[in-house]
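Visitor: please work out how this folds:
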Amino acid sequence: MTTYSEQDKIAIAVDCIIFGFDGEKLKILLIKRGFEPEKDKWSLMGGFVKAGESLDQAAKNILTTLTGLDGVYLEQLHAFGDPSRDPVERTVSIAYFALIDINNYKQQLSDRYHAEWFPLKDKPKLIFDHDEMVETAKNSIRNKAAHNPLLFELLPKKFTIPQLQSLYEDIYDIQIDNRNFIRKLTAAGLLIKLSEKDKSNSKKGAFYFKLDKKRYKTNFPNFLSFIPAPSS
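Guide: Here you go, the predicted structure:
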């Protein structure tokens, strides 16, 4: 049997970055690490790739084991392989990310490993290079969202303008002028106004809207043109 006996052995891991929107805030799912080093500190969902697993299989299995989430579409993001990233031994991690509507997965989430949602803006410091992974994922989402209506997939079927604005502000780390936001949305013709209102935050309430899927492909670039560059 042929082997690569003269080559160094390197551990392969996967880490899952799960972003979710609950209708008000963009959040990230974290767990407390259950072993040393960095035991009981906040971490992404991660683990090692087993001999019989593909990378995609490992990512899905780890996510389900640590959080209970199943059926989540994970996209491979980037490989992180700094020799000093893990103090125990040389480990290369393949990061995956997902965008989900939190309300669609509430019943699945397990607290066995203390999985918890944090507002992205207020997340705690993470172990190893996990903060770098999160920033890389955010930049990838920003780039994708600048060319297609990706973020609309995070919204419920009917949503309010404040919900949509909050989502874009959290993703791009910006403050958007409310009047300009509404004007651009109206001009783009992407949304269909419904007669129903959300009165959870005020007596007057805010009208619900839904995405006009027939028009967003052609009109979406007009909507994005006013969003400023994200802060560094």
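Visitor: got a pLDDT number for the closest residue to residue 124 other than its chain neighbours?
Guide: Ranked by C-beta to C-beta, 6 or more residues apart in numbering and with sequence neighbours excluded, the top spatial neighbour of residue 124 is residue 42, at 4.6 Å. (Glycine included, C-beta is placed from N, CA and C.) If you check residue 42, the pLDDT there is 96.
Visitor: equivalent analysis for residue 219, please.
Guide: For residue 219, pLDDT reads 69.
Visitor: residue 222 too?
Guide: pLDDT, residue 222: 63.
Visitor: was I right to think the residue nearest to residue 124 contacts residue 122?
Guide: No. Using C-beta atoms under 8 Å, residue 42 is not in contact with residue 122, being 11.9 Å away.
Visitor: of these two, which one has the most company?
Guide: residue 42 (19 against 9; other C-beta atoms under 10 Å).
Visitor: the residue nearest to residue 124: what's it in contact with?
Guide: Shown in contact with residue 42 (C-beta atoms under 8 Å, 6 or more residues apart in numbering): 30-33, 123-127.
Visitor: domain ranges for the chain?
Guide: 11-145, 150-224 (automatic domain parsing).
Visitor: can you put those in a markdown table and add distance to residue 3?
Guide: As requested, these are exported to a markdown table (distance: least, C-beta to C-beta, whole Å):
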| stretch | distance to residue 3 |
| --- | --- |
| domain 11-145 | 14 |
| domain 150-224 | 44 |
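Visitor: need the residues that contact the strand or helix carrying residue 66.
Guide: Assigned by DSSP states H and E, residue 66 belongs to helix 55-67. By C-beta under 8 Å, 6+ apart, the surrounding residues in contact with helix 55-67 are 12, 14, 16, 18, 29, 31, 45-50, 53, 69-70, 72, 74, 76, 94, 96, 108-110, 112-113, 115.
Visitor: and the longest helix seen in the chain, what does it pack onto?
Guide: The longest helix of the chain (DSSP state H) is helix 130-145. The helices and strands touching helix 130-145, judged by 3 or more C-beta pairs under 8 Å, 6 or more residues apart in numbering; DSSP states H and E, are strand 11-21, strand 75-80, strand 91-101, helix 161-172.
Visitor: tabulate the ones you listed in a markdown table, adding columns for mean neighbour count and mean pLDDT.
Guide: What follows is the helices and strands packed on helix 130-145, written out as a markdown table (neighbours: other C-beta atoms under 10 Å; pLDDT from 0 to 100):
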| stretch | mean neighbour count | mean pLDDT |
| --- | --- | --- |
| strand 11-21 | 22 | 96 |
| strand 75-80 | 16 | 97 |
| strand 91-101 | 22 | 95 |
| helix 161-172 | 19 | 88 |
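Visitor: any idea which of those gets closest to residue 211?
Guide: Smallest distance to residue 211 across the helices and strands packed on helix 130-145 (C-beta to C-beta): 9.6 Å, for helix 161-172.
Visitor: how far off centre is the closest one?
Guide: Helix 161-172 has its C-alpha centroid displaced from the chain centroid by 14 Å (C-alpha atoms, centre = their mean, to the nearest Å).
Visitor: buried set for the next helix or strand after that helix?
Guide: Moving toward the C-terminus from helix 161-172, the next helix or strand (DSSP H and E) is helix 178-188. By neighbour count on 16 or more other C-beta atoms under 10 Å, the buried set for helix 178-188 is 181, 184-185, 188.
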